[in-house]
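Colleague: this is the structure alone, sequence omitted:
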């Protein structure tokens, strides 16, 4: 099992930026595909972005052009740079490891999850 710890959440005004980090345990981090999901109050957890072992990425339409996912294999860390934030981006953000090492939007394909970090965007 991989341990994941998110950080970097907080309160920001609309139009602002935040960078989330997710530190992972495990000696084979470079082979993992990683994803970011978010869950707003009263809503289902939804896909935000994913990155695979080769650096290929995928984004939800709602964040494309504003968010950037990246990874630093030397630090066993995946990042989510969030720019031009909107109030509707307010949610708890989770990072997760894809059990098939694939670039996927399917929540059930992720079997290791962090505890989440709160992002609040004020209008």
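Modeller: Arrived safely, thanks for sending. All of these numbers come straight from a predicted model, not from anything done at the bench.

Colleague: residue contacts, residue 8?
Modeller: With CB atoms under 8 Å, 6 or more residues apart in numbering as the criterion, the residues that contact residue 8 are 18, 19, 20, 21, 117. Any C-beta I mention is one placed from the backbone N, CA and C, and that applies to glycine too.

Colleague: ugh, typo on my part, it should be residue 20
Modeller: 6, 7, 8, 9, 36, 79, 80, 82, 93, 95, 117, 119.

Colleague: now, of these, which are buried?
Modeller: Buried subset of those (neighbour count, 16 or more other CB atoms under 10 Å): 6, 8, 9, 36, 79, 80, 82, 93, 95, 117, 119.

Colleague: these in strands, which ones?
Modeller: Judged by DSSP state E, the buried ones among the contacts of residue 20 include 6, 36, 79, 80, 82, 93, 95, 117, 119 as members of strands.

Colleague: the third one contacts residue 57, correct?
Modeller: So the one you mean is residue 79. No. Residue 79 is not in contact with residue 57 according to CB atoms under 8 Å; the separation is 11.6 Å.

Colleague: shared neighbours of the two, anything?
Modeller: Joint contacts of residue 79 and residue 57 (CB under 8 Å, 6+ apart) are residue 69.

Colleague: quick one, grab the pLDDT at the spatially most central residue of the chain.
Modeller: For the chain, the residue nearest the mean C-alpha position is residue 36 (2.3 Å; CA atoms, centre = their mean). With respect to pLDDT, residue 36 has a value of 98.
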